[in-house]
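1. quick one: sequence plus predicted model below, questions after.
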Amino acid sequence: MRAIRRTRYGGPEVLAVEHCVEQPLASDRVRIAVRAASLNPFEWHHQRGLPLLMRPSSGWTAPRDHWLGVDVAGVVVELGADVDGDAVDLHVGDEVFGGAPGSLADRADARPNLLAKKPAAVSFEEAAAVPLAGLTALQALRKGRFHEGHAVLVLGASGGVGHYAVQLARALGASRVVGSCSTRNVALVRSLGADDVLDYTRGDVDSLDECFDVVLDIAGGAPVHFLRQRLKPGGSVVLVGGPGDGRVLGPATRIVGGLLTSAFRPQRVVGVNASWSAEDLQQLAGLLERGHLRSVIHRRVSLDETADALAEVEAGHVAGKIVVVP
Ligand SMILES: NC(=O)c1ccc[n+]([C@@H]2O[C@H](COP(=O)([O-])OP(=O)(O)OC[C@H]3O[C@@H](n4cnc5c(N)ncnc54)[C@H](OP(=O)(O)O)[C@@H]3O)[C@@H](O)[C@H]2O)c1
């Protein structure tokens, strides 16, 4: 098999495409022939071993895990000895998407409960773009106590998480959705269902003269106290991500700071830490199938082009998702 492999932390130079011998399949896993994988900031954080906060689990001086990638779409080619295909409704030949560690490869092994059936009308590339970013968007809305009729502001509406958040808010019954991005992505964000778009190169959150039930801060460009001022009574700011400048805590620096400075204020400010959920993945699959959710593919790359593509993700201006076709 061919896979992205790395044995040290660093820039794009630490990633290499290697031919490796396929290991025997663990008894509780499902092997997938990868048709597409996708890139998230998650991968460059692991490539660099930053923020340092992650090192106790990822390895102090060098990565414990030499593979990279998590989002996947492909075809089931083998079930582990302890996987009951009928019980988990997965069989050889099924087209699936979800999470598989080391998905930047032409084969990857996943826990069955991290996979959902890929809707037939959705391409492998579109499906592979969804898992981590889609789950984050869905869980961020839930953390913000979003419900039908709410007005939602999505800061960072053109990126991986944001472009799903705009569509999910719309599909789940938001009364109004406003997204922020730079000038070149304004038309894209409108096409995803935003009623209005704030071009952050022309005005900041402070320039908005309306309030929202839920503010999803995915881009991290505005001070948290500006975001609190944009809340309706009972509303929530959900801190999802942003550039962050701490080598130790990374984007979590801002999230922790925002939570601390909001502790004794009436407005609700919460952080979100996305988790893998079979139920949420099923919900996303249903929305894809009904055409309520689509993936914007910024570009498609091969395994050999992945290191450069990940540097582009790190630069922070991808519109939608970059998909890797092995
Ligand atoms: N908490 C969690 O569980 C969780 C899970 C996943 C991701 N995250 C974090 O969430 C953040 C976003 O992830 P992502 O996958 O969406 O990243 P991404 O795809 O790299 O986001 C890029 C997008 O951000 C936009 N952007 C950059 N600066 C902006 C600003 N000041 N205002 C508005 N938009 C801006 C860019 O638009 P322009 O090109 O128009 O500037 C671009 O389209 C990252 O920090 C990531 O680490 C957190």
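-> Now that the structure is in, tell me what you want to look at.
2. and the helix or strand containing Val237 with the ligand, contact?
-> According to DSSP states H and E, Val237 maps onto strand 231-239. No. Using Cβ under 6 Å from any ligand atom, strand 231-239 stays clear of the ligand, coming no nearer than 7.8 Å. The way it works is simple: take the backbone N, C-alpha and C, and place the C-beta from them, glycine included.
3. what is that strand packed up against?
-> Contacts defined by 3 or more Cβ pairs under 8 Å, 6 or more residues apart in numbering; DSSP states H and E place strand 231-239 against helix 131-143, strand 212-217, helix 224-229, helix 252-261, strand 268-271.
4. and the angle for it with helix 252-261?
-> Per axes from the mean of the first three to the mean of the last three Cα atoms, to 10 degrees, the angle that strand 231-239 makes with helix 252-261 is 150 degrees.
5. least trustworthy helix or strand in this structure by mean pLDDT?
-> Sorting the helices and strands of the chain by mean pLDDT, DSSP states H and E puts helix 252-261 at the bottom, at a mean of 78.
6. tell me the SS of Asp109?
-> What DSSP: H, G, I helix; E, B strand; the rest coil gives for Asp109 is strand.
7. quick one: contacts for Ser207?
-> For Ser207, the contacting residues are Leu198, by Cβ atoms under 8 Å, 6 or more residues apart in numbering.
8. that older thread, now look at the least confident helix or strand of the chain and say if it contacts the ligand.
-> No. For a cut-off given as Cβ under 6 Å from any ligand atom, helix 252-261 has no contacts with the ligand; the smallest distance is 7.7 Å.
9. name the helices or strands packed onto that helix?
-> In terms of contacts (3+ Cβ pairs under 8 Å, 6+ apart), helix 252-261 is packed against helix 224-229, strand 231-239, strand 268-271.
10. so what's the gap between it and the chain middle?
-> Relative to the chain's own centre, helix 252-261 is displaced by 21 Å; criterion: Cα atoms, centre = their mean, to the nearest Å.
11. run through who's touching that helix.
-> 51, 53, 220, 224-225, 237, 239, 242, 244-246, 249, 269-271.
12. if we go to 10 Å?
-> With Cβ atoms under 10 Å, 6 or more residues apart in numbering as the test, helix 252-261 has contacts from 51, 53-54, 217, 220, 223-225, 227-228, 237-247, 249, 269-273.
13. before we move on, back to that, can you say which of the helices and strands packed on strand 231-239 is packed in most?
-> With neighbours taken as mean count of other Cβ atoms under 10 Å, these reach their highest mean count in strand 212-217, at a mean of 28.
14. that one - what's its average pLDDT?
-> Strand 212-217 shows a mean pLDDT of 97.
15. before we move on, what about stretch 265-274?
-> 88.
16. straight-line length of it, end to end?
-> 25 Å (Cα to Cα, to the nearest Å).
17. do that stretch and the ligand meet at all?
-> Yes. Using Cβ under 6 Å from any ligand atom, stretch 265-274 reaches the ligand at 272-274.
18. what about His163, distance to Ala263?
-> Distance from His163 to Ala263, counting by Cβ to Cβ, to the nearest Å: 32 Å.
19. list the residues that contact the most centrally placed residue in the chain.
-> Nearest residue to the geometric centre of the chain (Cα atoms, centre = their mean): Ala133, 2.0 Å. The contact partners of Ala133, taken as Cβ under 10 Å, 6+ apart, are 38-42, 71, 159-165, 218, 274, 284, 295, 320-321.
20. repeat that with 7 Å
-> Contact partners of Ala133, counting by Cβ atoms under 7 Å, 6 or more residues apart in numbering, are 40, 160-161, 164, 321.
21. same check on Val92?
-> Going by Cβ under 7 Å, 6+ apart, Val92 touches 76-79.
22. if we can go back for a sec, the strand holding Val237 pairs with which strands, parallel or anti?
-> Strand partners for strand 231-239, identified by DSSP bridges, are recorded as strand 212-217 (parallel), strand 268-271 (parallel).
23. residue of the stretch 201-326 of the chain nearest the ligand, please.
-> Using Cβ to the nearest ligand atom, the closest approach of the stretch 201-326 of the chain to the ligand is made by Gly241 at 2.2 Å.
24. wait, a helix at that residue?
-> No. Assessed with three-state DSSP, Gly241 is coil; it does not lie in a helix.
25. show the pLDDT at it.
-> With respect to pLDDT, Gly241 scores 88.
26. what sits closest to it if chain neighbours are left out?
-> For Gly241, ignoring the flanking residues on the chain, the nearest one in space by Cβ to Cβ, 6 or more residues apart in numbering is Pro251 at 4.9 Å.
27. I'd say that neighbour and Gly221 touch.
-> No. Using Cβ atoms under 7 Å as the test, Pro251 is too far from Gly221 to be in contact (12.0 Å).
28. who's more crowded, the two?
-> Per other Cβ atoms under 10 Å, whichever of Pro251 and Gly221 has more neighbours is Pro251, with 20 against 15.
29. contacts for stretch 149-161 next, please.
-> 40, 133, 136-137, 146, 162-163, 165-166, 169, 173-181, 185, 188-189, 194, 205, 212-219, 221-222, 230, 240, 318-321.
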